[in-house]
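Participant: Sequence plus predicted model, see below.
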Amino acid sequence: MSGHGDPIPMTSRKSGPLTGVAEVPGDKSISHRALILGAMAVGETRVTGLLEGEDVLGTAQAMRDFGAEVTRHGDGEWSIHGVGVGGFMEPEDVIDCGNAGTGVRLIMGCMATSPITVTFTGDASLRSRPMGRITDPIGLFGAAAYGRTGGRLPMTIVGARDPMPVRYTVPMPSAQVKSAVLLAGLNVPGETVVIEKEATRDHTERMLVGFGADLTVEDGDEGRVITLKGQPELKPQTIAVPRDPSSAAFPVCAALITPGSDVLVPNIGLNPTRAGLFTTLREMGADLVYENEREEGGEPVADLRARFSPDMKGVRVPEERAASMIDEYPVLSVVAAFAQGKTEMVGVKELRVKESDRIDAMARGLEANGVTVEEGEDFMTVHGLGPEGVPGGGTAKAQLDHRIAMSFMVLGMAAQAPVSVDDGAPIATSFPIFEPLMSGLGAQIERSEA
């Protein structure tokens, strides 16, 4: 079972040129944060372009359960009447976060310093993921967590009644952990300080400032030092959510490996803490151009034009880039299979604890389709077979992971024989229009009976 109902096996076949405009959904990371900070503001926040995938809809419901009024007005148009910092009510029922690792961790953070008790659960994939990286730091504020062995869901968090500010060094590059601590710090008197040795996506910091929080960021000997003054009155905002670079990765990468393709992907957020994949693809020799570069809502944005790139070469992706493209390594490994030479991905142990063990999932699936892969705890190397050189013909196990499923659908668009995944149902968590969007460009994706 997928955790999303019955499994949906899918097969992707070699396509003709992919052409046209790919209007991908809104940014998932920004969508989660807009709902949460809107619920913690006083007054009405308006959001356009919100991603309406299952993960984000779960966060919207959680904010309703905390007492905020969250309303959908039309396609991607939402309003949130917030309850203010410290105004959360105790939910009457369990908070079900589905497949949303980001959602559950941010929500745990935002409620951890309110005197309420909340029980969290999720689908089979989310229940297998450790939550200690969140429960440890929120415990420093005074919150208590009671979960299954190994710190897994279902889990009950008892919020701190008299929270104290903390100074916390994030032990691994993780925007989720950093953001959870900052959200917890909102309802705490005094200054909460978060230190990260490697910069991660900074949507939370940007949005907190936009909502009126007193937040500063400095680079020091310890790393990137973020200081937040607690108990502000957050002011409601109007937020236009840029389109998701992690979703844009799929039509972009499919165009690069499919002969004759020319695809435009408009309005993509190019926050430097998120754009590592596109930098890497250009280093490989991809014909990937940024058009109409601009800034919207404090975030850099551009239209991406991707064309078939038969001369791509394998590269070594530097370890320090990992945090800016951690969700894109699966589809990068697909592109690497069609490049010349080997592509080395290092410093990627975080992939072992995502929705699935993504290193294992990609390695096994690529091998099933004729691609040689080397892997270790913290690295993966793909030996490229050149343009049109991937045999295909295999079935990959998605392991309840939306990005794994979509990556193998991209592989099938350019492989010699069709490529299948055992379950494409999780795709709906982040990219509910993936199939019609890719089909509209010319891809051949079919569902089959389980």
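Facilitator: Sure thing, it's come through.

Participant: ok, now which ones touch the closest residue to Arg64 other than its chain neighbours?
Facilitator: Closest residue to Arg64 apart from its sequence neighbours, by Cβ to Cβ, 6 or more residues apart in numbering: Val70 at 5.0 Å. Backbone N, C-alpha and C define where each C-beta goes, glycine included. Shown in contact with Val70 (Cβ atoms under 8 Å, 6 or more residues apart in numbering): Leu35, Gly38, Ala39, Ala60, Gln61, Met63, Arg64, Trp78, Ser79, Ile80, His81.

Participant: out of the residues you listed, who has the most neighbours?
Facilitator: Leu35 (31 neighbours; other Cβ atoms under 10 Å).

Participant: centre of the chain versus the host helix or strand of that one, how much separation?
Facilitator: Per DSSP states H and E: Leu35 is located in helix 28-40. Helix 28-40 sits 14 Å away from the centroid of its parent chain (Cα atoms, centre = their mean, to the nearest Å).

Participant: Only alpha carbons, please: show that helix as CSV.
Facilitator: Below are the C-alpha coordinates for helix 28-40, written out as CSV (Å, rounded to 0.1, in the frame of the first residue of the first chain):
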residue,chain,number,x,y,z
LYS,A,28,5.9,23.7,-1.5
SER,A,29,8.4,25.1,1.0
ILE,A,30,7.0,28.6,0.7
SER,A,31,3.4,27.4,0.7
HIS,A,32,3.8,25.6,4.1
ARG,A,33,5.4,28.6,5.6
ALA,A,34,2.8,31.1,4.3
LEU,A,35,0.0,29.1,5.9
ILE,A,36,1.9,28.7,9.3
LEU,A,37,3.0,32.3,9.6
GLY,A,38,-0.4,33.5,8.4
ALA,A,39,-2.0,31.5,11.2
MET,A,40,0.4,33.2,13.7
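
Participant: C-terminal to it, what's the next element?
Facilitator: Taking DSSP H and E, what comes next after helix 28-40 is strand 42-48.

Participant: Show me the contact partners of that following strand.
Facilitator: Against strand 42-48 from outside (Cβ under 8 Å, 6+ apart): 31, 34-35, 37-38, 76-84, 233-241.

Participant: Which strands and helices lie in contact with the very next helix or strand once past that strand?
Facilitator: Sequence order places helix 54-65 as the next helix or strand after strand 42-48, per DSSP H and E. Helices and strands touching helix 54-65, as assessed by 3 or more Cβ pairs under 8 Å, 6 or more residues apart in numbering; DSSP states H and E, comprise helix 28-40, strand 69-74, strand 95-96, helix 101-111.

Participant: quick one, helix 54-65 and helix 101-111 angle?
Facilitator: 20 degrees (axes from the mean of the first three to the mean of the last three Cα atoms, to 10 degrees).

Participant: Compute the number of surrounding residues for Ala336.
Facilitator: Neighbour tally, Ala336, other Cβ under 10 Å: 31.

Participant: wait, Thr19
Facilitator: 16.

Participant: In contact with it, which residues?
Facilitator: By Cβ under 8 Å, 6+ apart, the neighbours of Thr19 are Gly260, Ser261, Asp262, Val263, Leu441, Gly442.

Participant: The residue of the chain most remote from its centre: what's its closest spatial neighbour, skipping adjacent residues?
Facilitator: Ranked by distance from the centre of the chain (Cα atoms, centre = their mean), the top residue is Asp162, with 32.5 Å. Residue nearest to Asp162 in three dimensions, not counting chain neighbours: Gly142, with 6.6 Å by Cβ to Cβ, 6+ apart.

Participant: can you check Pro330 too?
Facilitator: For Pro330, the spatially nearest residue (Cβ to Cβ, 6+ apart) is Ser407, at 4.2 Å.

Participant: Phi and psi next, for that neighbour.
Facilitator: phi -60, psi -40 (degrees, to the nearest 10).

Participant: try Val263
Facilitator: Dihedral angles for Val263 - degrees, to the nearest 10 - are phi -130, psi 130.

Participant: Contact partners for it?
Facilitator: Applying Cβ under 8 Å, 6+ apart, the residues contacting Val263 are 18-22, 251-252, 254-255, 305-307, 441.

Participant: Can I get the buried part of those residues as one PyMOL selection?
Facilitator: Buried members of the contacts of Val263, identified by 16 or more other Cβ atoms under 10 Å, are gathered into one PyMOL selection as follows:
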select buried, resi 18+19+20+22+251+252+254+255+305+306+307+441
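
Participant: Serialize the contacts of Val263 to TSV and add fields for secondary structure.
Facilitator: Shown next, in TSV, are the contacts of Val263 (DSSP: H, G, I helix; E, B strand; the rest coil):
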residue	secondary structure
Leu18	coil
Thr19	strand
Gly20	strand
Val21	strand
Ala22	coil
Pro251	helix
Val252	helix
Ala254	helix
Ala255	helix
Arg305	strand
Ala306	strand
Arg307	strand
Leu441	helix
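
Participant: domain ranges for the chain?
Facilitator: 10-26+242-447, 28-240 (automatic domain parsing).

Participant: As TSV, those domains with mean pLDDT would be great.
Facilitator: Formatted as TSV, the domains of the chain follow (pLDDT from 0 to 100):
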stretch	mean pLDDT
domain 10-26+242-447	94
domain 28-240	96
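
Participant: got the buried residues for stretch 215-223?
Facilitator: Counting neighbours by 16+ other Cβ under 10 Å, stretch 215-223 gives Leu215, Gly223 as buried.

Participant: which is the next helix or strand following the host helix or strand of Val331?
Facilitator: In this structure, Val331 sits in helix 329-337 according to DSSP H and E. Moving toward the C-terminus from helix 329-337, the next helix or strand (DSSP H and E) is strand 342-346.

Participant: residue boundaries of the strands in the stretch 351-450 of the chain?
Facilitator: 372-376, 379-383, 395-396, 419-421, 444-447 (DSSP state E, counting those that start in this stretch).

Participant: In terms of secondary structure, what does the first one contact?
Facilitator: Strand 372-376 is packed against helix 358-368, strand 379-383, with contacts defined by 3+ Cβ pairs under 8 Å, 6+ apart.

Participant: right, so of those, which gets closest to Ile138?
Facilitator: Closest approach to Ile138 among these (Cβ to Cβ): helix 358-368, 25.8 Å.

Participant: quick one: the closest one to strand 372-376, angle?
Facilitator: Using the same axes, to 10 degrees, helix 358-368 lies at 160 degrees relative to strand 372-376.

Participant: Tell me how far Ile433 lies from Gly53.
Facilitator: 9 Å (Cβ to Cβ, to the nearest Å).

Participant: Sort out which residues of stretch 284-293 are buried, please.
Facilitator: Met284, Gly285, Ala286, Asp287, Leu288, Tyr290.

Participant: Same question for stretch 231-240.
Facilitator: Buried, per 16+ other Cβ under 10 Å, within stretch 231-240: Pro232, Leu234, Pro236, Gln237, Ile239, Ala240.

Participant: For Gly440, which non-adjacent residue is closest in space?
Facilitator: Gly20 (6.3 Å).
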